[in-house]
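Visitor: pasting the sequence and the predicted coordinates here, then a few questions.
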Amino acid sequence: MLKSWKLKEIVLMSLFSVVFGIVYLLFVHVGNIWSGFIGPIAYEWIFGIWFIVSIICMYIIRKPGAAVVSETIAAAIEVLLGNAVGPRLILSGLVQGLGAEAVFAATRYKRFDLWVLMLAGVGSSVFSFVYGYFLGGFSVYSTGYVALMLGIRIASGAMIAGVGGKAVADGLLATGSLRGYAISRSKKGEARA
Amino acid sequence: MKHALHKMNPSVKFLAITVCMFTMAFFFDPWTPFVFWIAVLVLQVFLSQINWKKWLLFMLPFFVTAFGYFWTTLVFAEEQSGPVVWSIWNMHITEVQLNHALSLSFRVLAFSSLSLLFAFTTNPVTFILSLMQQLKLSPKIAYGVMVGYQFLPVLKDEFVQIQQAHRLRGAAQEKNALQRLLGIRRILIPMLAGAVRKAERAAFAMEARGFTGERRSSYFQVISIGKVDVVLVVLFLIVLVLSCTNGLWLS
C-alpha cells in the first residue's frame, strides 16, 4: 500500500496533523472546563473536528489508506506534542481513520463529492463511538442517553468533518498550493488561474 | 531503580499499557479500577523521577472529567435494581448505580494515570524510532512524522503571526464559540497552505539527500529491548492480575 505513496504526501499529512494539533488546542480552550461538569456527552458536538484530518487528506491525496494513515499520524503527533490523553489516542485515531476509510473504500476511491465526505464523517463517528462505548463503559447508561450521544456525534461528524473538511480543502485548493496533488488533477478540464 | 520506567523500551511500554487498558474495560465494579489506579501510582512513585507538580496540573482536568462521569452515570444509569443507598429530593440511587458510577470515575482516573505515566517517562523521538525498529513501522511514515514534529515551533510562530496580522488589519476577535468555530477558517487556510509548501520542500530535501524510504539493516540510534523491559512487563502484569482478582484478597 505504501509503495505508491510519495514522500511529500506523507510529510504533508504529518504537517497537516501538526496544524490541526494546534487548532485542537483552541478547542480545548473553548469548552474544557464545562465539559467536565457535563460529563461524557459534552465533547460529542465538537467530536467531528477530530475526524477532519482524515477527510481533508483523503480528499486531497485520493489514494487507498489516506484516511486511516493520516488520522493515525495525527493521533501520533498529538501524543508527541505531549497530549495528556497519551498513547491510547493512537488507537482511537486508528479506529476513527478506519471508519472514514471504510466509506471511501465502499465507493472504490472514485467518488469524492460532499455526500461521500459527509458519510465518511458518519463512518468515523460510528466506529469511534463503538470503541468509546467499550472503553468508556457506556453500557451502564440508559439506551436513550446512549442514542442521544451517538446522534449528536453522527451529526457532528457529518457537519464538522464532512462539510467543514470539504470547505477547508476547497479553500486550500483555491490558493493554488495543491497543484501537485490528485485533487487538482481531477479538475483539469476547468481553467484555473 | 528510579530510572527504570524512563529506560523501558517505548514500544514495549506502549503495548503493556494498551493491554492493561483493554483488560480494565471489562470490569464494572469500583474496586478493580481503584486498586489498579493506586498500583499505577505506586509504580510511578518508585520507578520514575518526574515533576509531581506538573503531574498534578495535568491530572486536574481528569478529576473534573471523572466527576462528570460520576454524576452522569448516577442520573442516566440503565440498571436501577438493588437496594436504595442514597436519596436526594425524589431521586433514589441504588447500590448498583453507585457502584457503576464509582467504577467509571475510577476508570477515568486509572486510564489518565497510565497515560501520564507514559507521557512523562517517554522521549517522543525515541518512541517513533522504537516503533520503527521494534514494531516494523514503515520508515517513510516514521521519518515523515518526525519532520512534522520538528516543524511544530515554526508552525506555532506562524499561527501567532497570522493572528497578529489579522489584528493589525482590524479583524475583530470573535467572542462566542460558534463564531469562533466558523472564524477558524481564516487562520486555518493560510496555515495549511504554508504547511503544503513546507512539506514539499522538506520531502524534496530528504530525497535529494538519498532518503528512499527503504527499510535499513542498521540504525544510527539503536533502540533495544533489555532485561529492564522483561522485569517491568512482569510488574505490569502482576499489577493487572492483582487488581482483577481483588475480590479474592480484599474481602
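Guide: Nice, I can see it.
Visitor: would you map the strands across the stretch 151-251 of chain B?
Guide: With DSSP state E, counting those that start in this stretch as the criterion, the stretch 151-251 of chain B has no strands.
Visitor: quick check, the residue in it closest to chain A?
Guide: Scanning the stretch 151-251 of chain B for the residue nearest chain A gives B:A203, at 3.6 Å (criterion: C-beta to the nearest C-beta). C-betas here are computed from N, CA, C, even on glycine.
Visitor: for that residue, list the residues it contacts.
Guide: Contact analysis of B:A203 by C-beta atoms under 8 Å, 6 or more residues apart in numbering or on different chains lists A:K6, A:L7, A:K8, A:I10, A:V11, A:L12.
Visitor: run through those residues and flag the ones next to chain B.
Guide: With C-beta under 8 Å from any C-beta of the partner chain as the criterion, those include A:K6, A:L7, A:K8, A:I10, A:V11, A:L12 near chain B.
Visitor: for chain A, what is the nearest residue in chain B?
Guide: For chain B, C-beta to the nearest C-beta, closest residue to chain A: B:S115, 2.6 Å.
Visitor: so that residue touches A:G86, yeah?
Guide: Yes - applying C-beta atoms under 8 Å, one finds B:S115 in contact with A:G86, separated by 2.6 Å.
Visitor: for the most centrally placed residue in chain A, give me its contacts.
Guide: For chain A, the residue nearest the mean C-alpha position is A:F51 (1.8 Å; C-alpha atoms, centre = their mean). Each residue near A:F51 by C-beta under 8 Å, 6+ apart is listed here: A:71, A:96, A:99-100, A:120-121, A:124-125, A:128, A:157, A:160-161, A:165.
Visitor: how about those residues, which pair is most distant?
Guide: Taking every pair in the contacts of A:F51 and measuring C-beta to C-beta, the maximum separation is 15.5 Å, between A:S128 and A:G165.
Visitor: how many residues are close by the nearest residue to A:M159 once chain neighbours are set aside?
Guide: Nearest residue to A:M159, sequence neighbours excluded (C-beta to C-beta, 6 or more residues apart in numbering or on different chains): A:G48, at 6.2 Å. A:G48 is flanked by 27 other residues according to other C-beta atoms under 10 Å in any protein chain shown.
Visitor: in contact with A:G48, which residues?
Guide: For A:G48, counting by C-beta under 8 Å, 6+ apart, the contacting residues are A:G121, A:S125, A:R153, A:S156, A:G157, A:A158, A:M159, A:I160, A:A161, A:G162, A:G164.
Visitor: so where's the chain shaky on pLDDT?
Guide: Since you didn't name a chain, this refers to chain A. By pLDDT under 70, the low-scoring segments of chain A are A:1, A:24-37, A:39-40, A:82-85, A:186-193.
Visitor: nope, chain B please
Guide: B:89-90, B:173-175, B:177-178, B:180-181, B:251.
Visitor: could you chop it up by domain?
Guide: B:4-123+B:224-250, B:139-208 (automatic domain parsing).
Visitor: where exactly do the helices run in chain A?
Guide: If DSSP state H is used as the criterion, the helices of chain A fall at A:7-38, A:52-61, A:66-80, A:88-106, A:114-135, A:143-156, A:165-174, A:182-185.
Visitor: and those as a markdown table, adding mean neighbour count?
Guide: Output for these, formatted as a markdown table (neighbours: other C-beta atoms under 10 Å in any protein chain shown):
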| stretch | mean neighbour count |
| --- | --- |
| helix A:7-38 | 20 |
| helix A:52-61 | 29 |
| helix A:66-80 | 28 |
| helix A:88-106 | 23 |
| helix A:114-135 | 22 |
| helix A:143-156 | 17 |
| helix A:165-174 | 19 |
| helix A:182-185 | 16 |
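Visitor: sweet, I'm off.
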